[in-house]
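J.: Need a 3D model of the sequence below.
(one chain, ligands or ions: 1)
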Amino acid sequence: MCPRIAIVALVLAVTAVPGQAFGKSAKTIPAGELVLAGTPVRCGAARTVVTGLGEVAMTYPGYILLDPTLFSMPPAIQHFWYAHECAHQLFGYGELAADCWAIQTGKRLGWFGIGDLEWLEANAIRMRSDAEHPQAAVRLANLENCYAAAPDARPAKRVVVAFASGF
Ligand SMILES: [Zn+2]
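T.: Numbers count the residues shown, from 1 in each chain. Below you'll find the predicted structure:
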């Protein structure tokens, strides 16, 4: 859920092969080829690495890292976390801004609803709190405000997921 650039960059400097840098079981998926909860998703030119992380997702410049546990979450939640990491990729946002962009994009495009926000609230324990990450209560309050402020999905514009730099 955060850009651990310093740590990851150190690992990459040693191996220079991102897919292998995260363990032999890591799988690298080219941009545009990731299917998440049955839906093709893309975040600009970012590749995806699937590997054990100890948290649901992380960002490294050019890569979105996903933990396999993400795939057992509801589809909208999978897309939310991918969008959160995509916000780091595209805009360099901090945690609260990335949360806001993800939930507002989901509401506007019709793939994230109030029930999905309730799921996040009920599973807030998954939200890590440390120097980079505000406490879960702060993040949830921010998510509620961002969700309320976003326009409802417009059916004529409904797209499931389409994260791209020109979006
Ligand atoms: Zn993050």
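J.: For the rest of this, base every contact and every neighbour count on C-alpha atoms.
T.: Noted.
J.: send the alpha carbons of the lengthiest helix in the chain over as CSV?
T.: Secondary structure of the chain read by DSSP state H shows that its longest helix is helix 75-91. Only the C-alpha atoms of helix 75-91 are listed here, as CSV (Å, rounded to 0.1, in the frame of the first residue of the first chain):
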residue,chain,number,x,y,z
PRO,A,75,-13.7,-7.6,-7.2
ALA,A,76,-14.3,-3.9,-6.4
ILE,A,77,-11.8,-4.2,-3.6
GLN,A,78,-9.2,-5.7,-5.9
HIS,A,79,-9.8,-2.9,-8.3
PHE,A,80,-9.6,-0.3,-5.5
TRP,A,81,-6.2,-1.4,-4.4
TYR,A,82,-4.9,-1.6,-8.0
ALA,A,83,-6.2,1.9,-8.6
HIS,A,84,-4.6,3.1,-5.3
GLU,A,85,-1.2,1.8,-6.5
CYS,A,86,-1.9,3.3,-10.0
ALA,A,87,-2.4,6.7,-8.4
HIS,A,88,1.1,6.4,-6.9
GLN,A,89,2.4,5.4,-10.3
LEU,A,90,0.7,8.1,-12.3
PHE,A,91,0.6,11.0,-10.0
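J.: Same question for that helix: list its buried residues.
T.: 75-90 (16 or more other C-alpha atoms under 10 Å).
J.: Show the average pLDDT along it.
T.: On average, the pLDDT along helix 75-91 is 94.
J.: ok so, going back, and the buried residues of helix 75-91 near the ion, which?
T.: Contacts with the ion are made by none of these, judged by C-alpha under 5 Å from the ion.
J.: Give the other helices and strands that the longest helix of the chain contacts.
T.: Other helices and strands packing on helix 75-91, by 3 or more C-alpha pairs under 8 Å, 6 or more residues apart in numbering; DSSP states H and E, are strand 34-36, strand 57-60, strand 63-66, helix 95-109, helix 114-122.
J.: pLDDT weak spots in this structure?
T.: Along the chain, segments meeting pLDDT under 70 span 1-23, 125-126, 154-167.
J.: right, and Cys43 touches Glu33 too?
T.: No. If you go by C-alpha atoms under 8 Å, Cys43 and Glu33 don't touch, sitting 10.6 Å apart.
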